[in-house]
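Q: Take a look and give me a structure for this.
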Amino acid sequence: MMKPKTMNILYWIVTLIFCAAMLMDGIAGLMRVEDGKEGLAHLGYPEYMMSIVGIAKVLGVLAILQTKFKVVKEWAYAGFTINFLGATLSHLFVGDATGMSLAPLVILAFMFVTYYLWKQKESLV
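A: Model (predicted):
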């Protein structure tokens, strides 16, 4: 079993990496970067989905980083889970290569590490 201080440090390192990636992706969606437009068109989604998902990702990051409202944090993790599963299925439905379909699952696994560490950290308090 890890010491509480070690658990806390590990949680924040992994969580900040995840949140930084999601924040950058959310901002890119809000800015409607060209790669995102092409990716969504390939999957058959309208361009305005970039704004919807971008806002959701930015809010999700804020929810995960806050420490007061645990239920809000749980819902943010749930939202990201739905996002990554939806991305995986979207790639499968359009016939993309396995690597494209698995990439969101890799990010989901990384997110679950942050969730697991948060739960472990909370149980030590």
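Q: Of all the residues in the host helix or strand of residue 108, which ones are buried?
A: Using DSSP states H and E, residue 108 maps to helix 98-124. Using 16 or more other Cβ atoms under 10 Å as the test for burial, helix 98-124 gives 100, 101, 104, 107, 108, 111, 114, 115, 117, 118, 120, 121. C-beta here means a position set from N, CA and C on the backbone, and glycine is covered the same way.
Q: Could you do stretch 91-100 as well?
A: Neighbour counts over stretch 91-100 (16+ other Cβ under 10 Å) mark 91, 96, 100 as buried.
Q: contact partners of the helix or strand where the first one lies?
A: With secondary structure defined by DSSP H and E, residue 91 is part of helix 70-93. With Cβ atoms under 8 Å, 6 or more residues apart in numbering as the contact definition, helix 70-93 has outside contacts at 22, 43-45, 53, 56-57, 59-61, 63-64, 66, 100-105, 107-108, 111, 115, 118, 122.
Q: again, 7 Å this time
A: For helix 70-93, the surrounding residues in contact (Cβ atoms under 7 Å, 6 or more residues apart in numbering) are 43, 53, 56, 60, 63-64, 66, 100-101, 104-105, 107-108, 111, 115.
Q: try stretch 40-50
A: Applying Cβ under 7 Å, 6+ apart, the contact partners of stretch 40-50 are 29, 32, 36, 37, 90, 94.
Q: residue nearest the centroid of this structure?
A: Nearest residue to the geometric centre of the chain (Cα atoms, centre = their mean): residue 80, 4.4 Å.
Q: pLDDT value on that residue, please?
A: On pLDDT, residue 80 comes in at 98.
Q: what does residue 125 give?
A: 69.
Q: what residue ranges in this protein score low on pLDDT?
A: Where the chain drops to pLDDT under 70, the residues are 125.
Q: re earlier: derive a ChimeraX selection command for the buried subset of the contacts of stretch 40-50.
A: Buried residues among the contacts of stretch 40-50 (16+ other Cβ under 10 Å), as a ChimeraX selection:
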select :29,36,90
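Q: so which of the contacts of stretch 40-50 comes closest to residue 13?
A: Proximity of the contacts of stretch 40-50 to residue 13 (Cβ to Cβ) peaks at residue 29, which lies at 25.1 Å.
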